[in-house]
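Visitor: Generate coordinates for the sequence data below:
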Amino acid sequence: MTIPYKNSHSSKKQQVAHMFNSIAHSYDFLNRLLSLGIDKIWRKRAVRKLQKYNPTHILDIATGTGDFAIAIARKMPLSSVVGVDISENMLAKAEQKILKKRLAHQITVHVGDSENLQFSETSFDAVTVAFGVRNFENFNRGLSEIYRVLKPNGVAVILEFSKPTQFPIKQLYFFYFKKILPIIGTLFSKDMGAYTYLPESVDVFPYGNAFVKHVTHAGFSKTMHFPLSFGIVSLYICEK
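Guide: Numbering: from 1, shown residues only. Model prediction:
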């Protein structure tokens, strides 16, 4: 299991919470910079897939500073979105953005543990996660929780990093991800562990068909996998 801080004796969950609390001040800026703005395109693609299911009550897990929840609310004005995250500082940023964009009537955010969701079974039409499953301490437990809180015929929309396989994208991606990204991330965030953890966590995380097997084991009846940007990111549509 990959953890952000190798010298810490804290659990992965505690370390991830500390990490995001530490980098919350620079998180949005670095997201745009390090992804060259492509992260917005990934979320838009995910929202378009979600719209086809016409959900009205949506849970956004690992909501962070609220980008995915905001993208959903803007495109689906009749929906309500509940965002949960283990980082209080990230949620504080999310609340500021939600108020600024006048979406407080649609979006609420709460501190919450993705592996122990404080919601009843079959509470939501859809669950979304953008780049958060990789940070679960026990991602199989997290997937089971997503399945539990979904209504029958509900859908989970999951965005997560994967690994490109085509030359020269693969070589360029790994050079940037492992050599350049940690330097830039550390420079602006002042947290070396956070941006060395990112490529390390992607490196060991199952993706594509390997991830689909875990989703199926959690109980989902059908999962569609869409590689984005030459396989840098994967979009999974998981039907209950």
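Visitor: which sections of this structure are below the confidence cut-off?
Guide: By pLDDT under 70, the low-scoring segments of the chain are 1, 4, 194.
Visitor: repeat that for 90
Guide: 1-10, 15-20, 23-37, 164-203 (pLDDT under 90).
Visitor: got the residue ranges for the helices in it?
Guide: Counting by DSSP state H, the chain has helices at residues 12-23, 27-35, 38-51, 67-75, 88-100, 139-149, 169-175, 181-189, 192-204, 209-217.
Visitor: May I see the buried residues of the second one?
Guide: Within helix 27-35, the residues that qualify as buried by neighbour count (16 or more other C-beta atoms under 10 Å) are 27-28, 30-31, 34-35. Where you see a C-beta, it was placed from the backbone N, CA and C, and this is true even at glycine.
Visitor: Nearest to Leu187 among those?
Guide: Nearest to Leu187 among the buried residues of helix 27-35 is Leu30, at 9.6 Å by C-beta to C-beta.
Visitor: so Asp85 makes contact with Thr63?
Guide: Yes: if you go by C-beta atoms under 8 Å, Asp85 and Thr63 touch, sitting 5.0 Å apart.
Visitor: Tell me who's in contact with Lys44.
Guide: Residues in contact with Lys44, defined by C-beta atoms under 8 Å, 6 or more residues apart in numbering, are Ala71.
Visitor: Looking at Asp85 and Thr63, which has the bigger crowd around it?
Guide: Thr63 (28 against 25; other C-beta atoms under 10 Å).
Visitor: Just to check, that one is in contact with Thr108?
Guide: No: look at Thr63 against Thr108 with C-beta under 8 Å: they stay out of range, at 10.2 Å.
Visitor: if I look at these two, which residues touch both of them?
Guide: Contact criterion C-beta under 8 Å, 6+ apart; residues shared by Thr63 and Thr108: Gly83.
Visitor: got the buried residues for the lengthiest strand in the chain?
Guide: Scanning the chain for the strand with the most residues, using DSSP state E, yields strand 150-161. Across strand 150-161, burial judged by 16+ other C-beta under 10 Å covers 150, 154-161.
Visitor: Measure how buried Lys240 is and give me the count.
Guide: Quick note: Lys240 (other C-beta under 10 Å) scores 20 neighbours.
Visitor: give me phi/psi at the residue nearest to Ala126 when sequence neighbours are not counted?
Guide: Nearest in space to Ala126, with sequence neighbours left out and distances taken as C-beta to C-beta, 6 or more residues apart in numbering, is Pro55 at 3.8 Å. Backbone torsions for Pro55, taken as degrees, to the nearest 10, come to phi -80, psi 150.
Visitor: Isn't Ala69 up against Ala62?
Guide: No: Ala69 is beyond contact range of Ala62, at 10.6 Å (criterion: C-beta under 8 Å).
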